[in-house]
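In: kindly return the folded structure for what I paste below:
(one chain, ligands or ions: 4)
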Amino acid sequence: MMEQETRRLCDEYEVLDILGRGGFSVVRRGIRRRSNTHVAIKTLRRFGGGGGITFPMNRNVTGEKPRAAAASNSNLNSIKKGWWKQVSVSDALLTNEILVMRKIVEDVSPHENVIHLHDVCEDASGVHLVLELCSGGELFDRIVAQPQPYSEAAAAAVVRQIASGLEALHRANIVHRDLKPENCLFRDHTENSPLKIMDFGLSSLEEEFTDPVVGLFGSIDYVSPEALSQATISSKTDMWSLGVILYILLSGYPPFIAQSNRQKQLMIMAGEFSFYEKTWKNISSSAKQLISCLLTVDPHRRPSAHEILYHPWVIGDSAKQEEMDAEIVSRLQSFNARRKLRAAAIASVWSCSMLLRTKNLKNLVGNYDLKPEELDILSQHFKKICVKGDNATLGEFEEVLKAMKLSSLMPLAGRIFDLFDNNRDGTVDMREIICGFSSLKNSKGDDALRLCFQMYDTDRSGCISKEEVASMLRALPEDCLPADITEPGKLDEIFDRMDANSDGKVTFDEFKAAMQIDSSLRDVVLSSLRPI
Ligand SMILES: Nc1ncnc2c1ncn2[C@@H]1O[C@H](COP(=O)(O)OP(=O)(O)OP(=O)(O)O)[C@@H](O)[C@H]1O
Ligand SMILES: [Ca+2]
Ligand SMILES: [Ca+2]
Ligand SMILES: [Ca+2]
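Out: Ligands and ions are numbered 1, 2, ... in the order given. Predicted structure coming up:
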């Protein structure tokens, strides 16, 4: 019986190159053989033992017939009931994403601004979500790369699209809960391409509030006060995140900036932000008024997606058409580059985006080959450090290094620490430390170089492309870089020196060889590991 239902992904889809990686997934380009349609295939990996849940293949979930998935409803319900208890955290997340995507197919699709699910397949390597392909890049990437001038009107068009997607999701009782710029992709490269909300891994179906995973993931920049204080999550939670995105869109920096994560949390919970005169003086008051509404601590007083679709700034009436200060775009550019650098570091060691508080460290590092003793040590340090706050200082980080018998890396501790201290607040999230470890653990002798290489190789293709070098260099603090780096041709020169066989790609061997013979190159490249 299962035989009949189990289709192999490869039978129906040609699986091509990697489009991106997330904490729990690999996303590849694919072509559906029968129709020659291009798709994105998001493979969610199963961790360890799992709870033995299998997903019945839904042969009919196709883009053409959005309601076809309804047939599997009874099955969804049986999965829902008590599934949380039976499965590991990661399996639960995986189940969740599929449940939410199916609900989207049933109740939301097709919608211009919400990603569409075509199909689901499962095999030994995990569950494959066959998604609408979005090849137009992430929200901020496009804005900073755009040759045409950037204006409030352009930002308003972005907000309109996100709000429109949210409105449809919220109507279907779906709360995204992880809304951030990297989860908004343009469908294609055309000028009028729609922007799509994607990545429903943390989303919830609003009627169910039992909520095991709250706010433990990624950056807290976009997380609402109610999520931080573990109060009730509602559709208004997404509206807060939209407020944060809008603030960044118009200033190039996030509304809540603090010396530590803890402090940032407090600021968010108090709704403590301001419009610094210098940056905001030229921004229309209507935009500021909208941001203030969205960043209201009391969710009941926050506007809904439906409401803001009628806001004069959002519809474009009061959004200025003139080009914004160049400074805003350049700040957005470096904000974006930093975020990517950090994401690359995290993705390069694959998944630690989870859980400080679930105690299930084994699940978290299950795939990293850490010995039981090592896990023990880590977990002790976790407890110690996490008691007083979420982040570790350099001193604590060094202690952990020692405890992990990685003392040989002590001279590098500062650099490694710095690498993970993305917001330069002198502390590092423990998740990031784990990422750092596994990366170091897996790379023996060439630690620093390998780490560097991985950081450049953002798509994990095993090779570095020129764009990857460029985006990495852009992410570095200016004073780490040679003065002539911005000169025309300099980047090509650096790249060509590494690409020994001139095939346009740099492999790790080429990378290493280049570093060994060329010390000035080593300086540039290793600057990514150098504390400022
Ligand atoms: N439909 C798509 N079309 C094109 N690229 C995609 C698509 N879906 C995902 N990607 C790429 O893959 C990356 C990872 O996808 P996604 O964010 O869904 O994964 P994730 O494992 O849930 O990640 P996260 O760690 O953010 O939770 C994205 O940042 C994006 O670059
Ligand atoms: Ca994502
Ligand atoms: Ca996700
Ligand atoms: Ca090469």
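In: around ligand 4, pick out the residues from the stretch 351-500 of the chain.
Out: Within the stretch 351-500 of the chain, the residues that sit near ligand 4 (CB under 5 Å from the ion) are residue 499. For glycine as for every other residue, the C-beta is placed from the backbone atoms N, C-alpha and C.
In: not counting sequence-adjacent ones, nearest residue to the residue of the stretch 1-150 of the chain found nearest ligand 4?
Out: Proximity of the stretch 1-150 of the chain to ligand 4 (CB to the ion) peaks at residue 17, 17.4 Å away. Once flanking residues are discounted, residue 17 sits nearest to residue 29: 5.4 Å by CB to CB, 6 or more residues apart in numbering.
In: so does stretch 27-38 get close to ligand 1?
Out: Yes - Stretch 27-38 lies within reach of ligand 1 by CB under 6 Å from any ligand atom, at residue 27.
In: what residues sit buried inside that stretch?
Out: Using 16 or more other CB atoms under 10 Å as the test for burial, stretch 27-38 gives 27-32.
In: how about stretch 228-239?
Out: So, applying 16+ other CB under 10 Å, buried residues of stretch 228-239: 228, 233-239.
In: quick one, helices of the stretch 201-350 of the chain?
Out: In the stretch 201-350 of the chain, the helices defined using DSSP state H, counting those that start in this stretch lie at 225-228, 235-251, 261-270, 277-280, 285-294, 305-308, 326-348.
In: count the neighbours of residue 191 for me.
Out: Residues lying near residue 191 (other CB atoms under 10 Å) number 7.
In: what ranges do the helices span in the stretch 51-200 of the chain?
Out: 73-80, 83-86, 89-107, 139-145, 152-171.
In: among those helices, show the one with the smallest mean pLDDT.
Out: Ranked by mean pLDDT, the helices of the stretch 51-200 of the chain bottom out at helix 83-86, with a mean of 28.
In: need the pLDDT of residue 29.
Out: At residue 29, pLDDT is 95.
In: what about dumping the CA coordinates of the helix or strand containing it to PDB?
Out: Using DSSP states H and E, residue 29 falls within strand 25-32. Provided in PDB are the C-alpha atoms of strand 25-32 (Å, rounded to 0.1, in the frame of the first residue of the first chain):
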ATOM      1  CA  SER A  25      16.800  22.700   5.300                       C
ATOM      2  CA  VAL A  26      18.500  22.800   2.000                       C
ATOM      3  CA  VAL A  27      16.600  24.400  -0.900                       C
ATOM      4  CA  ARG A  28      17.400  23.300  -4.400                       C
ATOM      5  CA  ARG A  29      16.200  24.400  -7.800                       C
ATOM      6  CA  GLY A  30      14.200  21.700  -9.600                       C
ATOM      7  CA  ILE A  31      12.200  21.000 -12.800                       C
ATOM      8  CA  ARG A  32       9.000  19.100 -12.800                       C
END
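In: returning to that earlier point: ok, the buried residues of stretch 228-239 vs residue 196, which is closest?
Out: residue 238 (14.9 Å; CB to CB).
In: residues contacting that closest one?
Out: 166, 169-170, 175-177, 179, 305 (CB atoms under 8 Å, 6 or more residues apart in numbering).
In: out of the helices of the stretch 201-350 of the chain, nearest to ligand 2?
Out: Per CB to the ion, nearest to ligand 2 of those: helix 326-348, 8.7 Å.
In: any idea of the mean pLDDT for that closest one?
Out: Here the average pLDDT along helix 326-348 is 68.
In: max pairwise distance over the buried residues of stretch 228-239: which two?
Out: 228 and 235 (17.2 Å).
In: follow-up on the earlier one: ok, so of the buried residues of stretch 228-239, who is nearest residue 192?
Out: residue 238 (24.5 Å).
In: how far away is that closest one from ligand 3?
Out: Here the criterion is CB to the ion, to the nearest Å. By it, residue 238 lies 15 Å from ligand 3.
In: now residue 303
Out: For residue 303, the distance to ligand 3 - CB to the ion - is 26 Å.
In: what's near enough to touch residue 322?
Out: Applying CB under 8 Å, 6+ apart, the residues contacting residue 322 are residue 151.
In: residues near the closest residue to residue 112 other than its chain neighbours, how many?
Out: Nearest non-adjacent residue to residue 112, counting by CB to CB, 6+ apart: residue 194, 4.5 Å away. By other CB under 10 Å, 18 other residues sit near residue 194.
In: what about the nearest residue to residue 248 once chain neighbours are set aside, neighbour count?
Out: Leaving aside its chain neighbours, residue 248 sits nearest to residue 254 (5.6 Å; criterion: CB to CB, 6+ apart). Neighbour count of residue 254, defined by other CB under 10 Å: 18.
In: cool, residue 280 as well?
Out: By other CB under 10 Å, 18 other residues sit near residue 280.
In: what comes up buried for stretch 319-329?
Out: For stretch 319-329, using 16+ other CB under 10 Å, the buried residues are 319-320, 324-325, 328-329.
In: now swap in stretch 172-188 and tell me
Out: 172, 174-187.
In: out of those, which is nearest to residue 311?
Out: Checking these against residue 311 by CB to CB gives residue 179 as the nearest, at 17.8 Å.
In: that closest one and residue 200 touch, don't they?
Out: No - Residue 179 is not in contact with residue 200 according to CB atoms under 8 Å; the separation is 10.4 Å.
In: circling back: contact partners for the residue nearest to residue 112?
Out: 112-113, 161, 186-187.
In: check the gap between it and ligand 3 for me.
Out: 21 Å.
In: now that residue: how far from residue 139?
Out: 12 Å (CB to CB, to the nearest Å).
In: and the nearest residue to residue 336 once chain neighbours are set aside, what does it touch?
Out: Of all residues not flanking residue 336 in the chain, residue 140 sits nearest, at 4.3 Å (CB to CB, 6+ apart). Residues in contact with residue 140 (CB under 8 Å, 6+ apart) are 181-182, 248, 332, 335-336, 339.
In: do residue 168 as well
Out: Taking CB under 8 Å, 6+ apart as the test, what residue 168 contacts is 108, 111, 113-114.
In: again, but for residue 220
Out: 228, 261, 264-265, 268 are the contacts of residue 220 under CB under 8 Å, 6+ apart.
In: same check on residue 142?
Out: 136, 186.
In: next one, pLDDT for the residue nearest to residue 248 please.
Out: 94.
In: contacts only, for it.
Out: 221, 244, 247-248, 335.
In: from those, pick the one nearest residue 293.
Out: For the contacts of residue 254, the nearest to residue 293 is residue 247 (12.0 Å; CB to CB).
In: doesn't residue 273 make contact with the closest one?
Out: Yes - the pair residue 247 / residue 273 is scored as a contact, 7.4 Å apart, by CB under 8 Å.
In: tell me, what's touching the two both at once?
Out: Joint contacts of residue 247 and residue 273 (CB under 8 Å, 6+ apart) are 255, 295.
In: so between those two, which is more surrounded?
Out: Using other CB under 10 Å as the criterion, residue 247 and residue 273 rank with residue 247 on top: 24 against 18.
In: next up, the contacts around that one.
Out: 254-255, 273, 291, 295.
In: just the residues you listed now: which is nearest ligand 3?
Out: residue 254 (19.9 Å).
In: residue contacts, residue 174?
Out: Residue 174 touches 100, 103-104, 107-108, 200, 203-206, counting by CB under 8 Å, 6+ apart.
In: looking at those, state which has the most neighbours.
Out: residue 200 (26 neighbours).
In: for ligand 3, what are the nearby residues on the stretch 201-350 of the chain?
Out: residue 201.
In: got any ranges where the stretch 201-350 of the chain has weak pLDDT?
Out: Within the stretch 201-350 of the chain, the segments meeting pLDDT under 70 span 206-219, 260-261, 337-350.
In: what is the neighbour count of the residue in it that ligand 3 sits nearest to?
Out: Proximity of the stretch 201-350 of the chain to ligand 3 (CB to the ion) peaks at residue 201, 3.0 Å away. By other CB under 10 Å, 25 other residues sit near residue 201.
In: for it, give me phi and psi.
Out: With angles defined as degrees, to the nearest 10, residue 201 sits at phi -60, psi -30.
In: residue contacts, the nearest residue to residue 184 once chain neighbours are set aside?
Out: Nearest non-adjacent residue to residue 184, counting by CB to CB, 6+ apart: residue 139, 4.3 Å away. Neighbouring residues of residue 139 by CB under 8 Å, 6+ apart: 158, 181-182, 184-186, 195, 245.
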